[in-house]
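Chemist: fold the stuff below for me.
(chains A and B)
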Amino acid sequence: MFRVRLLSLRNLALASVALLVGAFALVFFYAPNDADQGFVQKIFYLHVPLALCALGGFIAAAVHAIRHLRSGDPVHDARAYVSIHISIIFGLAVLVTGSIWARASWGKWWVWDEPTLVSFLIVFLLYATYYPLRFAIEDRDRQARYASVFAITAGAFVPLNFIAVRMAESLVHPRTFATAEGGMPGEMWLTFAVAIAGMALLWATLVRFELVAKSARARISKVRRALDAEATGASRSRIAPTVPSRAGAG
Amino acid sequence: MPALPLDEAGKYVVAAYLVFLALVLIYVAIMAARLARIDRELGELAELAEGRPPAETDREEVPA
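Modeler: Prediction:
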């Protein structure tokens, strides 16, 4: 079982590295420069797949959380936790790469009246509260239940964020899809598709990696507790005085 | 804003891709440290298990 999971993790890692290297090669050697933004638009192939994977990861966490509340299986809670964890790391990368792109395109690191940026920041900060909420609760079962409720509620907010951004009429955020001029050419679409596939695989690899590590640590703790209990029991049986039976004492 | 010239735009593009690479590398380094700790704990458990007396069922019965 462990061997099969490890092999699939290795395959996932190899596939994600291959796809990401291929995507970056396409970005710099195949995709044409954007007519409007020029070379700076190359950030798009990194920034947007990261954002989509982060948002997709938050929704995946909500799905796992629903499964956890339905079944009570802690495996689903662990999957929800790890999905949020990796998506927050991706979200951090989205914010930093977005700021760099904003500086290059608009001359500012951050624009507060831009709904895309602000709504993503709100989602990111919302999920950043997941950790204090989760680890403020000591009881494991309650912790998992409350974290699942949070993941579902916050997960419902993610599509709202996406819809709000699409509906917002903005003059400053670069629109790369479906512009009035006809949108992206085929080479850009292909590059973007490979980039998003590579990023999704990277997300899946990191989630799997984290789950395998967590599972290994949990097993080690279990074995350690069993060994400790056995050692304590053995030493007690050697040290403790024999307890007389009730019949004998009476 | 007009498109930036290549020499100016290049540094922003490189910075964005380097940030991504740095984040992945930091994550991998943290995970490597955690895996090293798991490996060390496994070693300790193996030592504990080796020093443990054999269980009752494993003991060979001596004929009377």
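
Chemist: buried set for stretch A:140-150?
Modeler: Neighbour-count burial for stretch A:140-150 flags A:143-145, A:147-148, A:150 (criterion: 16 or more other CB atoms under 10 Å in any protein chain shown). C-betas here are computed from N, CA, C, even on glycine.

Chemist: ok, and what's touching it?
Modeler: By CB atoms under 8 Å, 6 or more residues apart in numbering or on different chains, the surrounding residues in contact with stretch A:140-150 are A:65-66, A:68-69, A:74, A:77, A:80-81, A:130, A:133-135, A:137.

Chemist: same check, this time on stretch B:8-20
Modeler: A:24, A:38-40, A:42-43, A:46-47, A:50, A:93, A:96-97, A:100-101, A:103-104, B:3-4.

Chemist: where does chain A get nearest to chain B, residue-wise?
Modeler: Nearest residue of chain A to chain B, counting by CB to the nearest CB: residue A:38, 3.2 Å away.

Chemist: ok, what's across the strand from that residue?
Modeler: Note on residue A:38: beta-bridge partners by DSSP bridges are residue A:34.

Chemist: quickly note the distance from it to residue A:44.
Modeler: Separation of residue A:38 from residue A:44 (CB to CB, to the nearest Å) stands at 12 Å.

Chemist: of the contacts of stretch B:8-20, grab the buried ones for PyMOL.
Modeler: To isolate the buried members of the contacts of stretch B:8-20 in PyMOL, using 16+ other CB under 10 Å:
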select buried, (chain A and resi 24+38+39+40+42+43+46+47+50+93+96+97+100+101+104) or (chain B and resi 3+4)
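
Chemist: tell me which of the contacts of stretch B:8-20 fall in helices.
Modeler: Using DSSP state H, A:24, A:46-47, A:50, A:93, A:96-97, A:100-101, A:103-104 are the members of these that sit in helices.

Chemist: in those, find the pair that's most separated.
Modeler: For those, the maximum inter-member distance is 21.3 Å, found between A:24 and A:103 (CB to CB).

Chemist: now chain A, which segments are flagged as low pLDDT?
Modeler: Filtered on pLDDT under 70, chain A yields the residue ranges A:1-7, A:168-182, A:234-250.

Chemist: hey, which helix is longest across it?
Modeler: Under DSSP H, chain A gives helix A:186-239 as its longest helix.

Chemist: against which helices or strands is it packed?
Modeler: helix A:2-29, helix A:44-71, helix A:74-106, helix B:6-51 (3 or more CB pairs under 8 Å, 6 or more residues apart in numbering or on different chains; DSSP states H and E).

Chemist: now the longest one against helix A:74-106, angle please.
Modeler: Spelled out, that is helix B:6-51. 160 degrees (axes from the mean of the first three to the mean of the last three CA atoms, to 10 degrees).

Chemist: do the first one as well
Modeler: An angle of 10 degrees separates the directions of helix A:2-29 and helix A:74-106 when computed by the same axes, to 10 degrees.

Chemist: the inter-axis angle of helix A:2-29 versus helix A:44-71?
Modeler: If you take the same axes, to 10 degrees, helix A:2-29 sits at 150 degrees to helix A:44-71.

Chemist: report whether helix A:2-29 contacts chain B.
Modeler: Yes: Helix A:2-29 reaches chain B (CB under 8 Å from any CB of the partner chain) through residue A:24.

Chemist: and if you look at the second one?
Modeler: Yes: between helix A:44-71 and chain B, judged by CB under 8 Å from any CB, the touching residues are A:46-47, A:50.

Chemist: so which bits of that helix are buried?
Modeler: For helix A:44-71, a neighbour-count test (16+ other CB under 10 Å) marks A:44-69 as buried.

Chemist: pretty sure residue A:77 contacts residue A:68?
Modeler: Yes: assessed by CB atoms under 8 Å, residue A:77 is found in contact with residue A:68 at 4.5 Å.

Chemist: wait, residue A:79 touches residue A:211, no?
Modeler: Yes: here residue A:79 reaches residue A:211: they are 6.8 Å apart, a contact under CB under 8 Å.

Chemist: so which of these two has more stuff around it?
Modeler: A count of neighbours by other CB atoms under 10 Å in any protein chain shown puts residue A:79 above the other of residue A:79 and residue A:211, at 22 against 18.
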